[in-house]
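[1] model the following, please.
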Amino acid sequence: MSAAEIKKTRTKLISWIEQLSDPNVLDFLDGIIQSNTKKDWFDELSLKQQNHLNEGLEDIKNGKVMSSDQFWNNLILV
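    Below you'll find the predicted structure:
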C-alpha cells in the first residue's frame, strides 16, 4: 500500500468512526486498540514464574514430555 493509499484509507476510516453510534462496534474497535497497546503478559509475570515457563519450554525442546495417557496412567498408579 502506497503512502497516498494509506492516507486515503486512514481518512476514510476516521470519517466512518466519527459517525458510529453502535456501542457494540465501538467496543469492538476499542478492544482492538487495547490489544495493540497492552504489554506482553509474560513480561508482567514474576521472575520465578518466567523461569518456570522457560524451564518447561526447555523440557519440550529436549523431549522431556509425556502424553496425556501416560500422565493419567502414572497418576493412577501413585
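[2] so what touches stretch 51-63?
    42, 45, 65 (C-beta atoms under 8 Å, 6 or more residues apart in numbering). (Each C-beta comes from the backbone N, C-alpha and C, glycine too.)
[3] pLDDT and neighbour count added to those residues, as CSV?
    Formatted as CSV, those follow (pLDDT from 0 to 100; neighbours: other C-beta atoms under 10 Å):
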residue, pLDDT, neighbour count
42, 88, 10
45, 89, 13
65, 94, 11
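[4] which of those residues fall within helices?
    Residues of the contacts of stretch 51-63 located in helices (DSSP state H): none.
[5] out of those, which comes closest to residue 27?
    residue 42 (26.2 Å; C-beta to C-beta).
[6] who are the contact partners of that closest one?
    50, 53.
[7] next structured bit after the one helix or strand residue 6 maps to?
    Secondary structure from DSSP states H and E places residue 6 in helix 3-18. Scanning forward in sequence from helix 3-18 by DSSP H and E, the next helix or strand is helix 23-37.
[8] that'll do, ta.
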